[in-house]
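**Student:** A structural model of the following input is requested.
(2 chains)
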Amino acid sequence: MKWRKWNNIIHRDLGYLCFGLTIIYAISGIAVNHIDIWNPSYTIERIQSQLAKPVSKEQLSRATIFEILAELDETGLYKNSFRPDPQTLQIFVEGNTLTVNLGTNTVLQEKVTPRPVLHQMNFLHLNHPKKLWSWFADLYAIFLGALAVTGLFVLRGKKGITGRGAWLTTAGILLPLLFLGLYL
Amino acid sequence: MKKIIFALVLLIFSSATSLLAFEGDKFGKPLTLTEPTKVSEIEKSPQAFVGKRVLISGTVVEVCSTRGCWLDIASDTPFEKIQAKVTDGVIVFPMSARGRTAYVEGVVEELKFSKKDALKYQRHKAREKGIPFDPATVTGPQTIYRLRAHGAVIEK
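**Tutor:** Numbering: from 1, shown residues only, chains lettered A, B, ... in the order given. Purely as a prediction, here's the structure:
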């Protein structure tokens, strides 16, 4: 049949075309699914250390901040500082946030680094770029829909949509409905 | 004629300065307000600002590390800050925003929590920050004022 030939051609070529983005969405999908137990986009390294000299709460100047940074060998670009409460000083450096406890002279450093590859995948998957990417992602979604529909009619006979395919397709529709029944 | 030219020059100059004031990475809807409201004013009498659209500015002192769905903006007075919350996924603030100056526009909202809900909320916030949560810090019902943000510009 002529329509089946075209169906298979569309299914095959869309499959090739969508491969890259499907892999990105699949990996990123698993990563962001478990956002409650880990950070899928950044690694946050926390380092606790003790300052040698006590820092005066009253005389906090830019020079004091640079002394603290020098003692901790922090050479990143200094951005700003903040006092969340009288006991605490926060220092913001490129890629690092230092929280100084002015009572105990302890410092908690939070070094934030984007996870290689995963950060970029999540960036695309979660549509952070917006703009043109939104349209491209819509197009990809349409292609995925077309892939799914054409996939139903690739094979004829026992393994096609009138045989085994019918059972598996029904299961694929029922499974999300089952979860809706359970959780909605 | 001179008056028209003067008005035009003034208009161009004022638009240019307002545009220059918000140079940086843009998030969400474009900012429509030009005059920032001091965070300290909102903190001082939050009820007066509930439901009002405001523009605030200040240093970003914390960012939601998991979803990028909120920012804490330092107040102009010491030891105070305000949270700017966005709908998850609509705007995603990067972690690199910490320490940078932000201009955020949105509507001030009031959240009233029972003790039980406050515990849930603070536990959730602690998890987002990746810090341990001490339930003893919640002693009763809480009222939180924050900005439901629609757009922001974060200086580079």
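**Student:** Next, give phi and psi for whatever residue of chain B ends up closest to chain A.
**Tutor:** Chain A sits closest to B:G99 of chain B, with a gap of 2.5 Å, by C-beta to the nearest C-beta. Quick note: C-beta positions are derived from backbone N, CA and C, even for glycine. Per-residue torsions, B:G99: phi 90, psi -10 (degrees, to the nearest 10).
**Student:** Verify the stated contact: it with A:F92.
**Tutor:** Yes - using C-beta atoms under 8 Å, B:G99 is in contact with A:F92, at 2.5 Å.
**Student:** got any residues that touch both of the two?
**Tutor:** A:79-80, B:59, B:61 (C-beta atoms under 8 Å, 6 or more residues apart in numbering or on different chains).
**Student:** which ones among these are found in strands?
**Tutor:** Among the shared contacts of B:G99 and A:F92, the members falling in strands are A:79-80, B:59, B:61 (criterion: DSSP state E).
**Student:** three-state assignment of B:K112?
**Tutor:** Under DSSP: H, G, I helix; E, B strand; the rest coil, B:K112 falls in the strand class.
**Student:** Surely it is in contact with B:P141?
**Tutor:** Yes - look at B:K112 against B:P141 with C-beta under 8 Å: they come within range, at 7.2 Å.
**Student:** where does chain B have low pLDDT?
**Tutor:** For chain B, the stretches with pLDDT under 70 are B:1-21.
**Student:** residue ranges for the strands of it, please.
**Tutor:** B:25-28, B:53-63, B:70-74, B:81-85, B:101-113, B:142-154.
**Student:** export these to TSV and tack on distance to chain A and mean neighbour count?
**Tutor:** Output for the strands of chain B, formatted as TSV (distance: least, C-beta to the nearest C-beta, whole Å; neighbours: other C-beta atoms under 10 Å in any protein chain shown):
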stretch	distance to chain A	mean neighbour count
strand B:25-28	9	18
strand B:53-63	5	22
strand B:70-74	5	24
strand B:81-85	7	20
strand B:101-113	8	19
strand B:142-154	12	20
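**Student:** Next, format those strands as a markdown table and append distance to A:T106.
**Tutor:** Formatted as a markdown table, the strands of chain B follow (distance: least, C-beta to C-beta, whole Å):
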| stretch | distance to A:T106 |
| --- | --- |
| strand B:25-28 | 33 |
| strand B:53-63 | 19 |
| strand B:70-74 | 22 |
| strand B:81-85 | 22 |
| strand B:101-113 | 28 |
| strand B:142-154 | 28 |
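**Student:** Between these, which one is closest to A:L124.
**Tutor:** Taking C-beta to C-beta, strand B:25-28 is the member of these nearest to A:L124, at 17.3 Å.
**Student:** Just list what the closest one packs against, helices and strands only.
**Tutor:** Applying 3 or more C-beta pairs under 8 Å, 6 or more residues apart in numbering or on different chains; DSSP states H and E, one finds that strand B:25-28 contacts strand B:142-154.
**Student:** which secondary structure elements does the strand it packs on contact?
**Tutor:** Judged by 3+ C-beta pairs under 8 Å, 6+ apart, the packing partners of strand B:142-154 are strand B:25-28, strand B:53-63, strand B:81-85, strand B:101-113, helix B:115-129.
**Student:** Which of the ones you listed sits closest to A:G29?
**Tutor:** Of these, nearest to A:G29 by C-beta to C-beta is helix B:115-129, at 20.6 Å.
**Student:** Show residues contacting that closest one.
**Tutor:** By C-beta under 8 Å, 6+ apart, the list of residues contacting helix B:115-129 reads A:36, B:62, B:64-67, B:111, B:113, B:132-133, B:135, B:137-142, B:144.
**Student:** Please apply the same query to stretch B:74-88.
**Tutor:** With C-beta under 8 Å, 6+ apart, stretch B:74-88 has contacts from A:82-86, B:27-28, B:38-40, B:42-43, B:56, B:58-62, B:67, B:69-73, B:93, B:102, B:104, B:106, B:144-150, B:152.
**Student:** Relative to B:S75, how far out is B:S57?
**Tutor:** 11 Å (C-beta to C-beta, to the nearest Å).
**Student:** Likewise for A:T170?
**Tutor:** 59 Å.
**Student:** which of the two has more neighbours?
**Tutor:** Regarding A:T170 and B:S75, a neighbour count based on other C-beta atoms under 10 Å in any protein chain shown identifies B:S75 as having more, with 21 against 10.
**Student:** Grab the nearest non-local neighbour of that one.
**Tutor:** Distances taken as C-beta to C-beta, 6 or more residues apart in numbering or on different chains put B:V39 closest to B:S75, at 3.9 Å, once the chain neighbours are dropped.
**Student:** Which residues of chain A lie near chain B?
**Tutor:** Within chain A, the positions near chain B by C-beta under 8 Å from any C-beta of the partner chain are A:35-36, A:39-40, A:42, A:44, A:46, A:79-80, A:82-86, A:90, A:92-95, A:97, A:112, A:114, A:126-128.
**Student:** How far away from the center of its chain is stretch A:107-114?
**Tutor:** 18 Å (C-alpha atoms, centre = their mean, to the nearest Å).
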